[in-house]
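**Student:** Build me a structure from this.
(one chain, ligands or ions: 2)
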Amino acid sequence: MDLIKESFQSSAKKIDSTSMKRIELNHTRNRIQDNSPELDRLALNFNYSDCRHQYWNPEQFSFFWGTPLWDQSSQHQRTILNQLYWVAYYSQIISAEIATIFFNQTSAAGLYGIEDFRSVCDTLDLESAQERAHIHAFKTVNEAFEEEVFGKRIFSYPMRGPYVDTMINANTSRSKEFWRGLQLKGFAVMSSSRAFLGCQYFTVRGLRTLNGKIVQHKLSQFHSNNPQKDNSSIPSLISYHHFLDESFHFNSSLLISVEVLKMLAPPTPFESWIANRGIEGSQKDHFNFSSVMTGLFWYDPALFQKSYDILRSPVFAMNHQEAVTMLEACFTTEHEGLHQSALSRQVAMESYLDYLNKIPYLNKTNLGLSIMSKNSIQKHLEQNRKCFREFKNKINKSQLLYAN
Ligand SMILES: [Fe+2]
Ligand SMILES: [Fe+2]
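**Tutor:** Ligands and ions are numbered 1, 2, ... in the order given. Below you'll find the model as predicted:
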């Protein structure tokens, strides 16, 4: 009996049966409502020609919405920009979900190593399987759309592993990516053997999901508020069913990062340091916002070339000079789209502050979001102007070479 008691005490501080019941209930409800089969069915039936003339999102969720490009675009071009937002947005979500699948498993390994957390591990297993269905649905639409409209990849990418930068279109370099990969590998090993770090991953996941929840709720409403639901496009239906699954994932992030954490022994100074570094990393990932893509914290200079390719494609059919002039107006001046994007980041930050207040081991940099707070519309524009000058020089030169 003493042996049993001893092993129990060394693993967890105190099991809170109310919190465990909430975790079990969240898992049961998610399992009953599981949208994976429906998402697989939607992916199977997707045919771009069935929905090529439809918006897939509310109008504000269009690539380049509120910019000079949007103002001068035809109805057909606006429809493509609206669909392109869906493709760009869920390309980012695919990357985040590839990482989620992996860290769900390493965290479950850490938690399964101590007593009484089976239901948490079962929750994570279900969520990982759901993410695979989500990724499959997004990837099917994204690749078919880009093939049909541009004949090449713009935002989509071939399947990849979890050690690359989760944020696509980030302010990064080869050396930063290499360092990031090493950090992720180190964290994966540690979180699979330390339950606290396993739970801490859910604080990061919870933060990321908060912004996702704000945006994806609006995307899902495009179907739920549609008076003619039978006419909703398959991508809109995917947004809707995905959000239904993700509501449970958000709950489990919150339960694991706040409730389960309370049941574990307090972190060592080293574990607290690692945990705070993880949240600081999320602040850095969410430092930027985009003038042309609301709801994601993309680094605009990483979008210059892709946007140029879009404007030169048959959809917009601009010549070199027209494309450069238009991009300069969209990325380096103030417009409604930029203000909308800055506002959506502000809303996300307010929800982050509220959430982080519940976490006991955070330092001041994280509690006050002092990294994210340093960016502003003015700084954003200065950065875009500087980088756009460099981009313009580079693309003008390559255009000249091509002409010769
Ligand atoms: Fe998902
Ligand atoms: Fe999820």
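**Student:** Name the residues of this protein found near ligand 1, please.
**Tutor:** Contact residues (CB under 5 Å from the ion) of the chain with ligand 1: 97, 131, 134. To be clear about C-beta, it is placed using only N, CA and C from the backbone, and glycine gets the same treatment.
**Student:** quick one: which of those residues has the most company?
**Tutor:** Using other CB atoms under 10 Å as the neighbour criterion, His134 leads the residues of the chain next to ligand 1 with 27 neighbours.
**Student:** Next step: the residues of the chain next to ligand 1 restricted to helices.
**Tutor:** Among these, the members falling in helices are 97, 131, 134 (criterion: DSSP state H).
**Student:** Please work out the residue of the stretch 301-404 of the chain nearest to ligand 1 and name it.
**Tutor:** Ala348 (17.9 Å; CB to the ion).
**Student:** Give me the contact list for stretch 171-180.
**Tutor:** 164-165, 287-288, 299, 301-302 (CB atoms under 8 Å, 6 or more residues apart in numbering).
**Student:** so how far is stretch 237-247 from its chain's centroid?
**Tutor:** A distance of 14 Å separates the centroid of the chain from that of stretch 237-247, by CA atoms, centre = their mean, to the nearest Å.
**Student:** residues in contact with it?
**Tutor:** Counting by CB under 8 Å, 6+ apart, residues outside stretch 237-247 touching it are 30, 33-36, 38-39, 42-43, 56-57, 86, 130, 134, 137-138, 141, 209, 212-213, 216-217, 219-220, 222-224, 232.
**Student:** So which bits of that stretch are buried?
**Tutor:** By 16 or more other CB atoms under 10 Å, the buried positions in stretch 237-247 come out as 237-243, 245-247.
**Student:** about what we covered before: mind putting the contacts of stretch 171-180 into a markdown table with distance to Met20, secondary structure and pLDDT?
**Tutor:** As requested, the contacts of stretch 171-180 are arranged in a markdown table below (distance: CB to CB, whole Å; DSSP: H, G, I helix; E, B strand; the rest coil; pLDDT from 0 to 100):
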| residue | distance to Met20 | secondary structure | pLDDT |
| --- | --- | --- | --- |
| Val164 | 35 | coil | 86 |
| Asp165 | 35 | coil | 83 |
| Phe287 | 37 | coil | 96 |
| Asn288 | 39 | coil | 96 |
| Tyr299 | 41 | coil | 97 |
| Pro301 | 47 | helix | 98 |
| Ala302 | 43 | helix | 97 |
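**Student:** Out of those residues, which is nearest to Glu336?
**Tutor:** Nearest to Glu336 among these: Asn288, at 18.9 Å, using CB to CB.
**Student:** quick one: that closest one and ligand 1, what's the gap?
**Tutor:** Asn288 is 23 Å from ligand 1, where distance means CB to the ion, to the nearest Å.
**Student:** so who does the closest residue in space to that residue that isn't next to it in sequence touch?
**Tutor:** Counting by CB to CB, 6 or more residues apart in numbering, Asn288 lies nearest to Tyr299, which is 4.7 Å off, once chain neighbours are set aside. Listed by CB under 8 Å, 6+ apart, the contact partners of Tyr299 are 169-171, 288, 290.
**Student:** Make TSV out of those residues and add secondary structure and neighbour count.
**Tutor:** As requested, the contacts of Tyr299 are exported to TSV (DSSP: H, G, I helix; E, B strand; the rest coil; neighbours: other CB atoms under 10 Å):
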residue	secondary structure	neighbour count
Asn169	coil	23
Ala170	coil	19
Asn171	coil	17
Asn288	coil	24
Ser290	coil	25
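**Student:** Closest to Val204 out of these?
**Tutor:** Among these, Ala170 lies closest to Val204 (CB to CB), at 15.6 Å.
**Student:** Wait, Tyr48 touches Glu148, no?
**Tutor:** Yes. The criterion here is CB atoms under 8 Å, and Tyr48 meets it with Glu148 at 4.9 Å.
**Student:** neighbours of the residue of the chain found nearest ligand 2, just the number please.
**Tutor:** Nearest residue of the chain to ligand 2 (CB to the ion) works out as His249 at 3.6 Å. Number of residues near His249 (other CB under 10 Å) recorded here: 27.
**Student:** wouldn't it be in contact with Thr209 here?
**Tutor:** Yes. Using CB under 8 Å, His249 is in contact with Thr209, at 6.4 Å.
**Student:** Identify the residues contacting Glu131.
**Tutor:** Glu131 sits next to 97, 100-101, 104 when contact means CB under 8 Å, 6+ apart.
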